[in-house]
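Q: sequence below, structure please.
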Amino acid sequence: MADIKIYSAVVCPYAHRTRLVLQEKGIDFDLIEIDLQNKPEGFTKVSPYGKVPAITHGESPVWESAVINEYLDEVFPNPPLLPNSPIAKAQARIWIDFANTRLVPAFSTLLRSTDSQKQEEAKQELYKHLEFIETEALGKLSQDGPYWFGESISLVDFTFYPWFER
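A: Numbers count the residues shown, from 1 in each chain. Down below sits the predicted model:
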């Protein structure tokens, strides 16, 4: 039995982020699939918000994908998934926040809205965010490498990947 348990749902892009981080770091974990329409009793003891992903490390719960991923990077430092310099770390955190507060809401509105006007507005917003990513992130930070910060994969790559895949 692994020391890390991840509470996940195969359809959840946030949980997808954390599963990718666990796999990249080679961390042994037990996967517990949660039916989001029929959550098990006591699940809120692990995830007070009632959402996935959540992990337990020993007896300690951690929830929210961005927080979990930084926690895993600190506790299991190899391979490192944040840049070394404080300014590059700050930039990584800015891009993770950008994904969570700008890209994902526009993406979700586009997919879920039944109002054609709201869909069109969300589409334009999503295009604007993708152009910003292209010019301000990939155009400036990747230095022609395959990843957000060049040659090394980072938490930023794992943060955006589930939405880019979708």
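
Q: from here on, contacts and neighbour counts on C-alpha atoms
A: Will do.

Q: so what touches stretch 99-107?
A: Stretch 99-107 is contacted by residues 122-123, 125-126, 129-130, 159-160, 163 when judged by CA atoms under 8 Å, 6 or more residues apart in numbering.

Q: so which of those residues is the most crowded?
A: residue 159 (26 neighbours; other CA atoms under 10 Å).

Q: quick one: which of the contacts of stretch 99-107 is nearest to residue 83?
A: residue 159 (14.7 Å; CA to CA).

Q: quick check: domain ranges of this structure?
A: 4-75, 86-165 (automatic domain parsing).

Q: could you check how far the longest one is from the centre of its chain?
A: Relative to the centre of its chain, domain 86-165 is centred 11 Å away, using CA atoms, centre = their mean, to the nearest Å.

Q: what do you get for stretch 11-30?
A: 10 Å.

Q: buried stuff in that stretch?
A: 13-22, 24-25, 27, 29 (16 or more other CA atoms under 10 Å).

Q: check stretch 30-45 too.
A: Quick answer for stretch 30-45 (16+ other CA under 10 Å): 34, 43.

Q: could I get it in PDB with only the CA atoms?
A: C-alpha atoms of stretch 30-45 as PDB (Å, rounded to 0.1, in the frame of the first residue of the first chain):
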ATOM      1  CA  ASP A  30      -3.000   4.300  -4.800                       C
ATOM      2  CA  LEU A  31      -5.800   5.500  -7.100                       C
ATOM      3  CA  ILE A  32      -9.200   5.900  -5.600                       C
ATOM      4  CA  GLU A  33     -11.800   6.700  -8.300                       C
ATOM      5  CA  ILE A  34     -14.700   8.900  -7.000                       C
ATOM      6  CA  ASP A  35     -18.100   8.900  -8.700                       C
ATOM      7  CA  LEU A  36     -18.700  12.600  -8.600                       C
ATOM      8  CA  GLN A  37     -22.500  12.000  -8.900                       C
ATOM      9  CA  ASN A  38     -22.500   9.600  -5.900                       C
ATOM     10  CA  LYS A  39     -19.600  10.600  -3.600                       C
ATOM     11  CA  PRO A  40     -18.800   8.100  -0.900                       C
ATOM     12  CA  GLU A  41     -19.700   8.900   2.700                       C
ATOM     13  CA  GLY A  42     -16.900  10.500   4.600                       C
ATOM     14  CA  PHE A  43     -15.300  11.900   1.400                       C
ATOM     15  CA  THR A  44     -15.400  15.400   2.800                       C
ATOM     16  CA  LYS A  45     -13.000  14.400   5.500                       C
END
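
Q: contact partners of the one helix or strand residue 61 maps to?
A: In this structure, residue 61 sits in strand 60-63 according to DSSP states H and E. The contact list for strand 60-63, computed with CA under 8 Å, 6+ apart, reads 46-47, 52-56, 68.
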